[in-house]
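Trainee: Next comes the sequence, and after it the predicted model I'd like to discuss.
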Amino acid sequence: MMRQLAIAIVLILGSQAALGDDLNPALPPAGPSLGMGQAPNPYAAAWPPPGASMEPAAGQFGGSLAQTPNPYAPVGPPAGQPVFVPPAGPAATANWIAPASPVAPPVVVAAPASANDSRESTWYYRLDSFFWNERSGGVDFVNEYGPISTLGYVHRSGVERFRAELFGGTVAYDGAAQVFDQQGNEQDIPYHQSFGTNYFGCRGEYDLLIEPAAWSKARLLCGVGTRFWIRDLQDIVLPSNILVSGYQEAWWTFYPYVGVETKTSDEPGLQFFGSARVGITPLTVQYATLLDSNYLRAGNVVYPRCGMTGQMELGVRFQKFTASAFLEGFTWGESAVVGDSYQPASRMLTLGGKIGYTF
C-alpha cells in the first residue's frame, strides 16, 4: 500500500513540473489556527513529513523510474549474430555500380547540305552546227553539214546524274550517187543536195559524281551513254535525169567515259563553269537499207569498229540560268565487209551554243 501511494505522489509531482505553476494554485500558509469565517484548506500539505526527500533512492522500485528506455535508440543485431563490417580497399569497389549520371538532351546543329543531298533538275536547249564525214581509202567519201537542234533534260540526285536528249535536223549532202548502168556496172556520180539528209535521234546518259575531300572547286565523273539516230538520205534527180533513190541508216552506239567538271557555288552573281570528258565507242551497230544491182531494197547490218568520243563545255551561270559553248565529237573505225557493203570510217562533230534553266 505504501509503495502504490509513493508512486502516485511521484506522478503528481512530475506532471506539475511539466505543466508549470499555472496549474498549481498557491496554497495558504500552514498554521494551527483559522481566522473567523475561514474554512480549513483541504489542499494543505500533509505529506511528506517535514524533512522527508521526494526523490527515490538509487535502486528503489527496481530502477524502473530512474532509467526509462529511449524508444528511438538504434537497435543493434541480436545477441550472438555476426556484425557485418564493410570491406576496405579495392574490394570495396569491386562490385560497385556507379549511379547513373544525368543524360544531357541532344543538341541539333544545322549544317549545309552535302553533295549526297543535292537534288536539282535542268531543262536546256542547244543549237549545234553539225558535221558528218566518211572516208574510204584516205579520201573523203561523204560530207554533211548543217544545223541540228537538241532538247535535253538533266536530273541530279546526290552523286548520281541522269540525262536524256532528243535531237534532229536537216543538213546538206555532198557526196556521190551510186548508180548502175544497163550492164549492171556501178558508177559513182558526185552530187550536192542542200537539204539532202534528215537526222533524228535520242540519247541517254548516266553519271556517277566523285568528289575528293581535297577538291573544293572541282569533281570527277565517270559514266556511260547510249545514242540512237536515223540518217535518212532523200531521193534526188541528177541533172542527167537519173533518179537516185535514197536510203536509211539506223545507228546505235554505246560509250563509257570519264571526266572532270567544276562544282556549283552558292555565291551570288555570275559564275563560270566548265567540264571535259573523254571516252571510247566499243560497241556500235548500223543497219542500212540499200539498192542492190537488181534495184531491190535489201538490209545489211555492219559493225563499225571502236573509236573515240570527247566533249567540252564552258559557260556562265547566273542564279538559275546558264549559257555555254558546247563541243562534242565521235569517231568510228571502218567496219568489216558484210555481203557487198561496209561502213567507211566515220566522224561526227557538233559545235554550238546551249542555254538552260535549273530548278
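Mentor: Looks like it came in fine.
Trainee: Low-confidence stretches in the stretch 151-300 of the chain?
Mentor: In the predicted model of the stretch 151-300 of the chain, residues 290-299 satisfy pLDDT under 70.
Trainee: who touches Asp174 in this structure?
Mentor: Contacts of Asp174 were listed using Cβ atoms under 8 Å, 6 or more residues apart in numbering, and they are 142-144, 192. (Glycine included, C-beta is placed from N, CA and C.)
Trainee: Could you identify the buried members of those?
Mentor: Buried by 16 or more other Cβ atoms under 10 Å: 142-144, out of the contacts of Asp174.
Trainee: Now render those as JSON lines, adding distance to Glu205, secondary structure and pLDDT.
Mentor: Listed next are those as JSON lines, based on distance: Cβ to Cβ, whole Å; DSSP: H, G, I helix; E, B strand; the rest coil; pLDDT from 0 to 100:
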{"residue": "Val142", "distance to Glu205": "27", "secondary structure": "strand", "pLDDT": "94"}
{"residue": "Asn143", "distance to Glu205": "28", "secondary structure": "strand", "pLDDT": "96"}
{"residue": "Glu144", "distance to Glu205": "24", "secondary structure": "strand", "pLDDT": "97"}
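Trainee: Looking at these, which is nearest Gln286?
Mentor: Using Cβ to Cβ, Val142 comes nearest to Gln286 of the buried ones among the contacts of Asp174, at 13.6 Å.
Trainee: My guess is that closest one contacts Ser136. True?
Mentor: No: using Cβ atoms under 8 Å as the test, Val142 is too far from Ser136 to be in contact (9.1 Å).
Trainee: Quick check: neighbours shared by the two?
Mentor: By Cβ under 8 Å, 6+ apart, Val142 and Ser136 have these common neighbours: Pro344.
Trainee: Residues touching stretch 264-272, excluding its own?
Mentor: Residues outside stretch 264-272 that contact it (Cβ under 8 Å, 6+ apart): 262, 273, 314-319.
Trainee: Please identify which pair of these lies farthest apart.
Mentor: Using Cβ to Cβ, the pair of the contacts of stretch 264-272 lying farthest apart is Leu314 and Gln319, separated by 18.9 Å.
Trainee: Which of those two has more residues huddled nearby?
Mentor: Leu314 (14 against 11; other Cβ atoms under 10 Å).
Trainee: Okay, and the beta partners of that one?
Mentor: Listed by DSSP bridges, the beta-bridge partners for Leu314 are Gly274, Ala325.
Trainee: Need the pLDDT of it.
Mentor: Looking at Leu314, its pLDDT is 98.
Trainee: show me the contacts for it.
Mentor: With contact set as Cβ under 8 Å, 6+ apart, Leu314 has these partners: 272-274, 324-325.
Trainee: next one: Val302
Mentor: By Cβ under 8 Å, 6+ apart, Val302 lies in contact with 286, 288, 335-336, 338, 341-343.
Trainee: With Ala345 instead?
Mentor: Contacts of Ala345 by Cβ under 8 Å, 6+ apart are 134-136, 331-334.
Trainee: same check, this time on Gln311
Mentor: 257, 259, 275-277, 326-329.
Trainee: pLDDT at it, what is it?
Mentor: If you check Gln311, the pLDDT there is 98.
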